[in-house]
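K.L.:
Pasting the sequence and the predicted coordinates here, then a few questions.
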Amino acid sequence: MRPQLPIADSIVEWDLILQVIYAALGAGVAVTIAVSFAILGATRAADARRDGDTLDTIIFSAVFVLGLAACAAAVVLGIVVMTSKG
Amino acid sequence: MESDIILVIVVGTALAFDFTNGFHDTANVVATSISTRAMAPKVAVGFAAILNFVGAFLSLEVAATVASGIVEADLVTPTVVFGGLVGAITWNLITWYYGLPSSSSHALIGGVAGSAFVAGGADAVLGEGLLGKVFVPALVAPTLAFVTAAIAILFAYRIIGRQSPGTVNRGFRVGQIVSGGMLALAHGTNDAQKTMGVITLALIANGSLAGGSDPPFWVIVSAATAIALGTYVGGWRIIRTMGSRIIKMDTAQGFSAQGAGAAVILAASHVGFPLSTTHTISGAVMGAGAAKRVSAVRWGVAGNIMIAWVLTIPASATVGGGIYAVASVFGEDSAIGPVIVAAIGLTLSAWAFARRVRRGPTLTAAEA
């Protein structure tokens, strides 16, 4: 059983803090992963194109596009959050 | 007549605070981008200034009261707000001088709390509000940003590990421009609104606006302009601390810090949890550095920053309380006190500006 901290519970909004932690950790790490994969996709697709490897070119181009799309979605979501706050 | 004079002084002081807010917080948006050469310094501050201006128009959900839930609302008179604003401006300028990133929001809250304390005694300050809305977020923001940036940079290194540095650097620099833009927009949206709230409250208190009114257009434009101008002037001392004195960062670290910081700020904004942009970005920069190597963070600099955070509320409260005591010495409703304090403040500002002009440009050749 969790120890009760009645005074702290009434002052500090623990639910809100937990929501922030989940959302921030998820979004912060996901955005960096998306950008990293976009960079990886762009680099490897360019290498594969130079080597004439069509399959790898297609796969890594798809990785690049997906990474970029995830970043674009994050930007749109961020703007929606800013405009709808209150 | 007297109340109109106080109103004009409060509006002018609120815009001055807004200017120092932009000036002080430029580093949050541009320091990592400048440090990793994602953008040239002047381009970075220009970009941040424009997006701060735009951000001020994005959402008009203005805070109903200054330091709401932290001080007794009935005690917040224009003179109390004036004392709080001067306390916040003073702390912003002191921390800028020492190149320390500290929260402008906390400085304003501290200033108003100190002013209200002198006006109404200990009961004027709501301890529970301070704990829940200031102290807990001040612990959560840097810790969460630290952990998020640290995990993010480990993933980034793992994914892009063996790729050519040229492409990787270009990619992360583009990412930094986008994440910096998001931060600048978010900063304009959050921080310009504090000033809009202060001015709107003063107008309502003076009877110039009906209770519950939205801010007039001139208030929105002037608050947006003041924060954008402050951002454009740029607090270069803090930019240096944030960009290169805490850690020497590479482009991946710069992006992880900025991306994680933006994510934390927007996530908090989404659920309505008040976090300081400064605490968040500083924590993210430290996290991005420590994840690579703990000794990469200059913990002495980080310690000084944390001391400034701890001192923000008491120091701005002390100045705010002192200013209120002086401003109200001729009576709470008298304009004489605020006029004297404002005249002294303007004289000191003119003297400091003249000194700065005589000393020459604030940018080094490399920064220009």
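P.N.:
Thanks, I have the structure now. Residues are numbered from 1 along each chain as shown, chains lettered A, B, ... in the order given.
K.L.:
Please name the residues that touch the residue lying closest to residue B:163 once chain neighbours are set aside.
P.N.:
Closest residue to residue B:163 apart from its sequence neighbours, by CB to CB, 6 or more residues apart in numbering or on different chains: residue A:43 at 4.5 Å. Quick note: C-beta positions are derived from backbone N, CA and C, even for glycine. When contacts are counted by CB atoms under 8 Å, 6 or more residues apart in numbering or on different chains, residue A:43 is found next to B:160, B:163-164, B:167-168, B:171.
K.L.:
hey, where'd the strands end up in chain A?
P.N.:
In chain A, no segments count as strands under DSSP state E.
K.L.:
Could you tell me which residues of it lie near chain B?
P.N.:
Counting by CB under 8 Å from any CB of the partner chain, the residues of chain A close to chain B are A:10-13, A:16-17, A:19-21, A:23-25, A:27-29, A:31-33, A:35-40, A:42-44, A:46, A:71, A:75, A:77-79, A:81-86.
K.L.:
Of the contacts of residue A:43, which is the nearest to chain A?
P.N.:
For these, the residue nearest chain A by CB to the nearest CB is residue B:171; the value is 3.5 Å.
K.L.:
hey, where'd the helices end up in the chain?
P.N.:
In the absence of a named chain, chain A is used. Secondary structure of chain A (DSSP state H): helices located at A:6-11, A:14-51, A:54-84.
K.L.:
That was the other one, I meant chain B.
P.N.:
Going by DSSP H, chain B shows helices at B:2-35, B:41-58, B:78-97, B:104-120, B:127-130, B:136-160, B:165-205, B:217-233, B:236-240, B:251-271, B:277-292, B:299-327, B:336-359.
K.L.:
Give the buried residues for the first one.
P.N.:
What it means is helix B:2-35. B:3, B:6-35 (16 or more other CB atoms under 10 Å in any protein chain shown).
K.L.:
How about the third one?
P.N.:
Neighbour-count burial for helix B:78-97, counted by 16+ other CB under 10 Å, picks out B:78-96.
K.L.:
Kindly tell me how buried residue B:294 is, as a neighbour count.
P.N.:
A count of nearby residues for residue B:294, using other CB atoms under 10 Å in any protein chain shown, gives 9.
K.L.:
got it, and residue B:120?
P.N.:
Neighbours of residue B:120 (other CB under 10 Å): 17.
K.L.:
number of nearby residues for the nearest residue to it once chain neighbours are set aside?
P.N.:
With sequence-adjacent residues excluded and distances taken as CB to CB, 6+ apart, residue B:120 is closest to residue B:75, at 4.3 Å. A count of neighbours around residue B:75, defined by other CB under 10 Å, yields 17.
K.L.:
thought residue B:273 was touching residue A:13?
P.N.:
Yes: between residue B:273 and residue A:13 a contact is recorded at 7.4 Å, counting by CB atoms under 8 Å.
K.L.:
So between those two, which is more surrounded?
P.N.:
residue B:273 (22 against 17).
K.L.:
pLDDT below threshold where in the stretch 1-150 of chain B?
P.N.:
For the stretch 1-150 of chain B, the stretches with pLDDT under 70 are B:59-67.
K.L.:
Kindly report the residues of it close to chain A.
P.N.:
So the stretch 1-150 of chain B meets chain A at B:55, B:58-59, B:61, B:128, B:131-132, B:136, B:140, B:144-145, B:147-149 (CB under 8 Å from any CB).
K.L.:
Just name the closest of those residues to chain A, please.
P.N.:
Nearest member of the residues of the stretch 1-150 of chain B next to chain A to chain A, counting by CB to the nearest CB, is residue B:61, at 3.0 Å.
K.L.:
centroid residue for chain B?
P.N.:
Centroid-nearest residue in chain B: residue B:104, 3.6 Å away (criterion: CA atoms, centre = their mean).
K.L.:
ok, now which ones touch the closest residue to that one other than its chain neighbours?
P.N.:
Setting aside the residues directly before and after it, residue B:104 is nearest to residue B:21 in space (CB to CB, 6+ apart), at 4.3 Å. The neighbourhood of residue B:21, defined by CB under 8 Å, 6+ apart, consists of B:92, B:104, B:191, B:194-195, B:227, B:230.
K.L.:
ok, now residue B:163?
P.N.:
A:39-40, A:43-44.
K.L.:
Please apply the same query to residue B:22.
P.N.:
So residue B:22 contacts B:49, B:52, B:191, B:226-233 (CB under 8 Å, 6+ apart).
K.L.:
Which residues of the stretch 251-368 of chain B lie near chain A?
P.N.:
Within the stretch 251-368 of chain B, the residues that sit near chain A (CB under 8 Å from any CB) are B:252, B:255-256, B:259-264, B:266-273, B:275.
K.L.:
Closest to residue B:244 out of the contacts of residue B:163?
P.N.:
The shortest approach to residue B:244 among these belongs to residue A:39, at 23.6 Å (CB to CB).
K.L.:
Local confidence estimate at the closest residue to the closest one other than its chain neighbours?
P.N.:
Spatial nearest neighbour of residue A:39, chain neighbours left out: residue B:171 (3.5 Å); criterion: CB to CB, 6+ apart. Turning to residue B:171, the model gives it a pLDDT of 91.
K.L.:
hang on, residue B:171 packs against residue A:37?
P.N.:
No: proximity of residue B:171 to residue A:37 does not meet the contact threshold set by CB under 8 Å, at 10.3 Å.
K.L.:
More neighbours: which of these two?
P.N.:
A direct count of neighbours by other CB under 10 Å for residue B:171 and residue A:37 places residue B:171 higher, at 25 against 22.
K.L.:
Among the residues of chain A next to chain B, name the buried ones.
P.N.:
Using 16+ other CB under 10 Å, the buried ones in those are A:11-13, A:16-17, A:19-21, A:23-25, A:27-29, A:31-33, A:35-40, A:42-44, A:46, A:71, A:78-79, A:81-82, A:85.
K.L.:
you'd agree residue B:85 is up against residue B:12?
P.N.:
No: using CB under 8 Å, residue B:85 is not in contact with residue B:12, being 9.6 Å away.
K.L.:
Could you pull up the residues touching residue B:90?
P.N.:
Residue B:90 touches B:316, B:319, counting by CB under 8 Å, 6+ apart.
K.L.:
Okay, it and chain A: tell me how far apart.
P.N.:
As judged by CB to the nearest CB, to the nearest Å, residue B:90 and chain A stand 29 Å apart.
K.L.:
Identify the residue nearest residue B:46 in space, chain neighbours excluded?
P.N.:
residue B:232 (6.4 Å).
K.L.:
can you count the residues close to residue A:52?
P.N.:
8.
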